[in-house]
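Chemist: Structure for this input, please:
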Amino acid sequence: MPALVDVVKKIIWREKLVEIGDLVIVAVSGGTDSLSLLHLLNDLKGEKELPFSLHVAHLNHGLRGAVAQEDAEFVRKEAASLGLSCTVGEVDAELFRKQWRLSPEDAARRLRYRFLVQLARRSGAASIAVGHNRDDQAETVLLNFLRGTGLDGLTGMKFKRSLGEGLFLIRPLLETSRYEISACCLEKGISPREDETNIENRFHRNKLRLELLPLLEKDYNPRLREGLARLAGLLSLDNNFLEEFAEQRFLKLLLEKKPYFLVLNREKLLQEHEAVQNRILRAAVRKLLGRVPREIGFKQIRAVLDLCLGNSPHGRLYFSHGIKVYRSYDRLLFSLEEFPTAEALSPVTLEVPGAQEIGKEGVMLHAWFVFPGELAWPPDEKKEAYLDYHILLEMAKPGRQDKGHTPGDEQELQLTIRNRQPGDSFYPLGAPGSKKLKKYFIEQKVPLEERERIPLVVAGKEIVWVVGKQISHHCRITEGTRKVLVLKIIPEMEDMEDGYTEGEGFINESRN
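Modeler: Below you'll find the model as predicted:
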């Protein structure tokens, strides 16, 4: 059997766990696994092919009194003997457990990773190394199986997992058995400290490790741990393929993406295979949070699908970690904020001809005159509108008679740009008559969050253009039109080709 240091070196290279020059935080409890990992990485860090540096981290969970203090001191001395810096943190896991109503194991795990991540970010580390081994992998797979997990859970732990913002959790011992790790300690003369809580059956994982696994190995498969680890590896290949495929499909369904929210096409989502639907929804959560928390599992994903399948065109769900999901017709919105709506647009005047900025996103509405024969048909309804100038003039200045003016002697015309108001009516092009703007939006399936963002161009008291949607039937171009007002939405930095232009502190730490 090759030396364990060579095995770990091969895994680091194969799985790309460490890059040249990386600072690696090594989580050391003082037990067999983490202490062996520390010594193995210390043996490898000075090699020319892949030089990296180490910083030792230890967390006292505040659960074991003086014994825990002794563990911390032991890790400090072990780090010093290797010439490594060390940070020790202290927390009150029991208080944290009560505050958040967690199990003791979950509370300790959350605080431990919070401590490690905070330390890594402050120190500029690229990764956090933990001592999970092949036996831990087998226990994880069996635990997840007993909980009724999906494929993701049966793949177990990964060699390398992103923690967001360029930070990774790495597991260099994941292919190594607990027996091999113990042998490494004996060979190196290392004397680990053992946590007595590891043999207490009141913890679920301990009970599985001490009772269920030995029973299954005795009566069913003496190499069960190896088999479960192999199962995780094989299923990971399938899972990786499905994740990559779902990522491609996610991008196809993505309608809009900003730092605090994203929008998917609900109708197309429901056309995907159900197995891919679940993964697309998980991908949406991952895009916002950088990960999929444990609290967002099967039931939560199922609830989102039920929201998509429901008869109501609108609905919303609230999940942990600030995730909010909204359905509005065929838009499925994931947000980290309350229902995102645009700020109210204060009414502004558009001088004709002229240009006016709309909102705060650098979008300009431009207006200029042309003869009917100069128009390029059809107009791009999402960006531009062709309106009969003289009809607009009558709307804007009631009682004024048209004197038959030509484009060379424009009369004054001012239009108003605003958001919708209660009671607004609109006569859509080609419709049999006027209708409430709210009803028009419903018929056009305009999402709730979009309705407040849509500017309206108003002449007098009448809406003449629902920007990006439709013009008023009253202002349409006819055979009798002699002068046309062109309105066009153009980003502020875009050159016009034609027309008018105008110039948390829960953790205490100590270091050595």
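
Chemist: Gln277 touches Gln271, doesn't it?
Modeler: No: Gln277 lies out of contact with Gln271 (C-beta atoms under 8 Å); the separation is 9.2 Å. For glycine as for every other residue, the C-beta is placed from the backbone atoms N, C-alpha and C.

Chemist: Which residue of these two possesses the greater neighbour count?
Modeler: Using other C-beta atoms under 10 Å as the criterion, Gln277 and Gln271 rank with Gln277 on top: 20 against 10.

Chemist: close enough to count as contact, Thr478 and Tyr386?
Modeler: No: applying C-beta under 8 Å as the test, Thr478 and Tyr386 come out as separate, 11.1 Å apart.

Chemist: Those two: which is more packed in?
Modeler: Tyr386 (22 against 9).

Chemist: which SS class is that one?
Modeler: Per DSSP: H, G, I helix; E, B strand; the rest coil, the secondary structure class of Tyr386 is strand.

Chemist: tell me the contacts of it?
Modeler: 375, 379, 471, 477, 484-486 (C-beta atoms under 8 Å, 6 or more residues apart in numbering).

Chemist: Can I have the buried ones of those as a ChimeraX selection?
Modeler: The following ChimeraX line selects those of these that are buried, judged by 16 or more other C-beta atoms under 10 Å:
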select :379,471,477,484,485,486
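
Chemist: Pull the most distant pair out of the contacts of Tyr386.
Modeler: Leu375 and Ile471 (13.3 Å; C-beta to C-beta).

Chemist: model confidence over the top helix by length along the chain, on average?
Modeler: Criterion DSSP state H: the longest helix present in the chain is helix 224-253. For helix 224-253, the per-residue pLDDT values average out at 95.

Chemist: Would you mark the buried spots in it?
Modeler: Here helix 224-253 shows 224-225, 228-229, 231-232, 235-236, 239, 242-243, 246, 249-250, 253 as buried, counting by 16+ other C-beta under 10 Å.

Chemist: what's the answer for stretch 189-203, then?
Modeler: 192-193, 195, 197, 203.

Chemist: Show the average pLDDT along it.
Modeler: Per-residue scores along stretch 189-203 average to 80.

Chemist: Repeat that for stretch 489-501.
Modeler: On average, stretch 489-501 scores 49.

Chemist: got a list of what the residue minimising distance to the centre of the chain touches?
Modeler: Centroid-nearest residue in the chain, with C-alpha atoms, centre = their mean: Leu288, separated by 1.8 Å. Contact analysis of Leu288 by C-beta under 8 Å, 6+ apart lists 260-262, 323, 334-336.

Chemist: Mind exporting the C-alpha coordinates of whatever helix or strand it lives in to CSV?
Modeler: In this assignment (DSSP states H and E), Leu288 forms part of helix 274-289. The C-alpha atoms that make up helix 274-289 are tabulated as CSV, following Å, rounded to 0.1, in the frame of the first residue of the first chain:
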residue,chain,number,x,y,z
GLU,A,274,-40.1,16.7,-13.5
ALA,A,275,-36.6,15.5,-12.4
VAL,A,276,-35.1,18.5,-14.3
GLN,A,277,-37.8,20.9,-12.9
ASN,A,278,-36.6,20.2,-9.3
ARG,A,279,-33.0,20.9,-10.3
ILE,A,280,-33.8,24.1,-12.2
LEU,A,281,-35.6,25.5,-9.1
ARG,A,282,-32.6,24.5,-6.9
ALA,A,283,-30.4,26.3,-9.4
ALA,A,284,-32.5,29.4,-9.0
VAL,A,285,-31.9,29.4,-5.2
ARG,A,286,-28.2,28.7,-5.7
LYS,A,287,-27.9,31.7,-8.1
LEU,A,288,-29.2,34.0,-5.4
LEU,A,289,-27.6,32.6,-2.3
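
Chemist: how about it: buried residues?
Modeler: 276-286, 288-289.

Chemist: will you turn those residues into TSV that also has distance to Thr176 and pLDDT?
Modeler: Shown next, in TSV, are the buried residues of helix 274-289 (distance: C-beta to C-beta, whole Å; pLDDT from 0 to 100):
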residue	distance to Thr176	pLDDT
Val276	35	96
Gln277	38	96
Asn278	33	94
Arg279	31	95
Ile280	36	97
Leu281	36	96
Arg282	30	95
Ala283	32	95
Ala284	36	96
Val285	33	94
Arg286	29	92
Leu288	36	90
Leu289	32	87
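
Chemist: from the buried residues of helix 224-253, which is closest to Lys9?
Modeler: The closest of those to Lys9 turns out to be Ala229 (C-beta to C-beta; 20.0 Å).

Chemist: For the stretch 301-450 of the chain, which segments count as strands?
Modeler: Along the stretch 301-450 of the chain, counting by DSSP state E, counting those that start in this stretch, strands occupy 314-318, 324-328, 331-335, 348-352, 354-358, 363-370, 384-388, 413-418, 425-426, 435-436.

Chemist: Mean confidence (pLDDT) on the second one, please.
Modeler: Spelled out, it's strand 324-328. pLDDT averaged over strand 324-328 gives 91.

Chemist: Show me what it packs onto, helices and strands only.
Modeler: helix 298-309, strand 314-318, strand 331-335, helix 448-451 (3 or more C-beta pairs under 8 Å, 6 or more residues apart in numbering; DSSP states H and E).

Chemist: one more time with 6 Å
Modeler: Applying 3 or more C-beta pairs under 6 Å, 6 or more residues apart in numbering; DSSP states H and E, we find strand 324-328 packed against strand 314-318, strand 331-335.

Chemist: Mean neighbour count, these: which tops it?
Modeler: The highest mean neighbour count among the helices and strands packed on strand 324-328, using mean count of other C-beta atoms under 10 Å, belongs to strand 331-335: a mean of 23.
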